[in-house]
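**Student:** what follows is a protein structure lacking sequence information:
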Ligand code: F6P
């Protein structure tokens, strides 16, 4: 048995799970008039209400004991100070340095990385301002009207989600497109409506070796040349964001058009680096910095706030309680805000790529569940799709509701309906309905937990804080589970096999299992490489 599951604090939580099995969340409110005040935290314009969870004072205390007895403090200090905590890839994990707005140096291999980070931000500022104010011209002298980000995973989801979330801050004359899927229909459809003379491609790839991105980038380059009657010089229309300058240059990107970042920035944590270039192009450099400021504020809170008032720690512990002690398999994220419609997809990668692990940092198998299946989509759409299962199904699904309070003047009535729907749902999940006279199939048991996260408004700063909140939540859970949240060997396996299969499909398929061989033959028959 693993040290974690045999620890006193773990055993205590198992015992509490038994003892509170029949408890009802709604009774906790009857027993404690101050529950809402006690179980809510504010940081700036972010407010977390975690009172509608199946957690009483004893459980909360035991969860805090669990984190106090974990290596979190040590790991957190190691992360912020640049120690190698991604042990399998032998790297520090320093997305927090990217948004370090203080004066503290961050040392990696004996060198302070902060000057490099500031220089990279300066380059981002100059370029984003040139493009936004029209000084950056296409090869025919046109200003840039369309920016196409080509990337996948962390090189797509973060910027994509943020640009969409902050659409109201977008430069009015520049449109943004994100191409990620290797399915040619994705790029074909996007390019169809673009004018090469005023289009800027941002090839975003940490490694500059990802098959999907390179293929899309080559297709974009070919399209550009076709559209421009064979114009060879792509320097006004292609920039790259990568740690691999040599490969980007080999592709034909001018050295001065390469925005570099560092191996110690994990893909899913990279939107704070130059991978955030489309964000800066869309909302402007100052707003980009505001986003970093918001994340920095969350970083300080994460480091300084006591554990029992620490937003990411609390959210992580609530998740641990449900996953490890009450058997939850999934975590739903339901933003009641159309602007946040890409947030569940972003959080899916953040959480599932980070904590989808089954060995601990020593390589020993874990004997407890780790990261949940994260899923979701916007409310109120979800209400009319999958909420039925959440209300009356046999599964236990904790929910994070996320919303912004401030309404747009023209859509105030809509916003009111949106927010009241969210309140109604959170209430219904907790209280259910078993009023007299209801038939069996009509009654809802309730007692289904949720967090409500409110922002005053969706601003760059608040969004930065929200993203950092989830990053740290994932980090805390990883620390408690004693896993490496920063590698992704399962994904690497898929990448390697895709390369092998694409090379061998026309040659020898021996060595593959029968099914793969049969399918390879069918693919070969129908598709040329
Ligand atoms: O999904 C695995 C992954 O390696 C991510 O971490 C990364 O964001 C993505 O693939 C794309 O990799 P790259 O940025 O190197 O193209």
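**Tutor:** Sure thing, it's come through. These numbers come from a predicted model, not from an experiment. Numbers count the residues shown, from 1 in each chain.
**Student:** can we go C-alpha only for contacts and neighbour counts from here?
**Tutor:** OK.
**Student:** and whichever residue of the stretch 401-529 of the chain sits closest to the ligand, its phi and psi?
**Tutor:** Residue nearest to the ligand within the stretch 401-529 of the chain: residue 491 (5.4 Å; CA to the nearest ligand atom). Torsion angles at residue 491 (phi, psi; degrees, to the nearest 10) stand at phi -70, psi -40.
**Student:** what kind of secondary structure is the residue of the chain positioned farthest from its centre in?
**Tutor:** Farthest-out residue of the chain from its mean C-alpha position, per CA atoms, centre = their mean: residue 437, at 44.9 Å. What DSSP: H, G, I helix; E, B strand; the rest coil gives for residue 437 is coil.
**Student:** OK, contacts around residue 303?
**Tutor:** The contact partners of residue 303, by CA atoms under 8 Å, 6 or more residues apart in numbering, come to residue 76.
**Student:** what is the burial count for residue 117?
**Tutor:** 20 (other CA atoms under 10 Å).
**Student:** so it is in which element?
**Tutor:** Assigned by DSSP states H and E, residue 117 falls within helix 114-133.
**Student:** show me what that helix is packed against.
**Tutor:** Judged by 3 or more CA pairs under 8 Å, 6 or more residues apart in numbering; DSSP states H and E, the packing partners of helix 114-133 are helix 95-98, strand 258-260, helix 277-283, helix 285-304.
**Student:** beyond the longest one, next helix or strand please.
**Tutor:** Spelled out, that is helix 285-304. Using DSSP H and E, the first helix or strand after helix 285-304 is helix 311-320.
**Student:** measure stretch 319-332 end to end?
**Tutor:** Length of stretch 319-332, first residue to last, CA to CA, to the nearest Å: 11 Å.
**Student:** which residue does the stretch 1-150 of the chain have closest to the ligand?
**Tutor:** Closest point on the stretch 1-150 of the chain to the ligand, by CA to the nearest ligand atom, is residue 150, at 9.3 Å.
**Student:** now for that residue, how many residues are close by?
**Tutor:** Residue 150, neighbours per other CA under 10 Å, totals 26.
**Student:** isn't it up against residue 216?
**Tutor:** Yes. Using CA atoms under 8 Å, residue 150 is in contact with residue 216, at 6.9 Å.
**Student:** tell me the buried residues in the longest helix seen in the chain?
**Tutor:** Longest helix in the chain by number of residues (criterion: DSSP state H): helix 460-481. By neighbour count on 16 or more other CA atoms under 10 Å, the buried set for helix 460-481 is 460-481.
**Student:** write out the residues of the stretch 51-200 of the chain neighbouring the ligand.
**Tutor:** 152, 153, 154, 155 (CA under 6 Å from any ligand atom).
**Student:** dump these to CSV, plus pLDDT, neighbour count and secondary structure.
**Tutor:** Shown next, in CSV, are these (pLDDT from 0 to 100; neighbours: other CA atoms under 10 Å; DSSP: H, G, I helix; E, B strand; the rest coil):
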residue, pLDDT, neighbour count, secondary structure
152, 98, 22, coil
153, 97, 17, helix
154, 97, 22, helix
155, 98, 27, helix
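**Student:** which residues of the stretch 351-500 of the chain score low on pLDDT?
**Tutor:** For the stretch 351-500 of the chain, no stretch is flagged by pLDDT under 70.
**Student:** residue contacts, the closest residue to residue 190 other than its chain neighbours?
**Tutor:** Spatial nearest neighbour of residue 190, excluding adjacent residues (CA to CA, 6 or more residues apart in numbering): residue 177 at 7.3 Å. Residue 177 makes contacts with 146, 147, 148, 149, 190, as judged by CA under 8 Å, 6+ apart.
**Student:** what about 7 Å?
**Tutor:** By CA atoms under 7 Å, 6 or more residues apart in numbering, residue 177 lies in contact with 147, 148, 149.
**Student:** and the next element down the chain from whichever strand or helix holds the second one?
**Tutor:** Translated: residue 148. Assigned by DSSP H and E, residue 148 falls within strand 146-150. Of the helices and strands lying after strand 146-150 in sequence (DSSP H and E), the nearest is helix 157-165.
**Student:** tell me what angle that following helix forms with strand 146-150.
**Tutor:** Helix 157-165 and strand 146-150 are oriented at 150 degrees to each other (axes from the mean of the first three to the mean of the last three CA atoms, to 10 degrees).
**Student:** burial count for the closest residue to the ligand within the stretch 251-400 of the chain?
**Tutor:** Closest residue of the stretch 251-400 of the chain to the ligand, CA to the nearest ligand atom: residue 267 (3.5 Å). Applying other CA under 10 Å, we find 25 residues neighbouring residue 267.
**Student:** for residue 454, see how far away the closest residue in space to it that isn't next to it in sequence is.
**Tutor:** Distance criterion CA to CA, 6+ apart; nearest residue to residue 267, sequence neighbours excluded, is residue 154 at 4.4 Å. Using CA to CA, we find residue 154 at a distance of 25 Å from residue 454.
**Student:** circling back: pick the one among the contacts of residue 177 closest to residue 50.
**Tutor:** For the contacts of residue 177, the minimum distance to residue 50 (CA to CA) is 36.9 Å, reached by residue 149.
**Student:** just the pLDDT at the closest one, thanks.
**Tutor:** Per-residue confidence at residue 149 stands at 98 (pLDDT).
**Student:** wait, it sits on residue 201?
**Tutor:** Yes. Shown here, residue 149 and residue 201 form a contact pair, counting by CA atoms under 7 Å, at 6.0 Å.
**Student:** more neighbours, those two?
**Tutor:** Each of residue 149 and residue 201 has its neighbours counted (other CA under 10 Å); residue 149 has more, 28 against 24.
**Student:** ok, the more buried one - contacts?
**Tutor:** 177, 178, 179, 201, 202, 203, 204.
**Student:** gap between the first one and the ligand?
**Tutor:** Look at residue 177 and the ligand: by CA to the nearest ligand atom, to the nearest Å, they are 17 Å apart.
**Student:** what residues are bridge-paired with that residue?
**Tutor:** residue 148 (DSSP bridges).
**Student:** over to the last one?
**Tutor:** Following DSSP bridges, residue 204 is listed with bridge partners residue 241.
**Student:** for it, grab the count of nearby residues.
**Tutor:** The burial count for residue 204: 31, using other CA under 10 Å.
**Student:** would you check that it makes contact with residue 153?
**Tutor:** No. When contacts are counted by CA under 7 Å, residue 204 is not listed as touching residue 153 (10.2 Å).
**Student:** so residue 207 lies in a helix, does it not?
**Tutor:** No. Applying three-state DSSP, one finds residue 207 to be coil, outside a helix.
**Student:** need the contact list for it.
**Tutor:** Here residue 207 is in contact with 242, 243, 244 (CA under 7 Å, 6+ apart).
**Student:** go on, residue 276?
**Tutor:** Residues near residue 276 by CA under 7 Å, 6+ apart: residue 159.
**Student:** please enumerate the strands of this structure.
**Tutor:** Here the chain has its strands, by DSSP state E, at 40-43, 46-49, 107-108, 111-112, 146-150, 175-179, 199-204, 238-242, 258-260, 330-335, 373-375, 399-404, 450-455.
**Student:** how about the ones you listed in JSON lines, adding distance to residue 411?
**Tutor:** Shown next, in JSON lines, are the strands of the chain (distance: least, CA to CA, whole Å):
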{"stretch": "strand 40-43", "distance to residue 411": "27"}
{"stretch": "strand 46-49", "distance to residue 411": "22"}
{"stretch": "strand 107-108", "distance to residue 411": "48"}
{"stretch": "strand 111-112", "distance to residue 411": "48"}
{"stretch": "strand 146-150", "distance to residue 411": "28"}
{"stretch": "strand 175-179", "distance to residue 411": "23"}
{"stretch": "strand 199-204", "distance to residue 411": "33"}
{"stretch": "strand 238-242", "distance to residue 411": "38"}
{"stretch": "strand 258-260", "distance to residue 411": "39"}
{"stretch": "strand 330-335", "distance to residue 411": "17"}
{"stretch": "strand 373-375", "distance to residue 411": "28"}
{"stretch": "strand 399-404", "distance to residue 411": "13"}
{"stretch": "strand 450-455", "distance to residue 411": "18"}
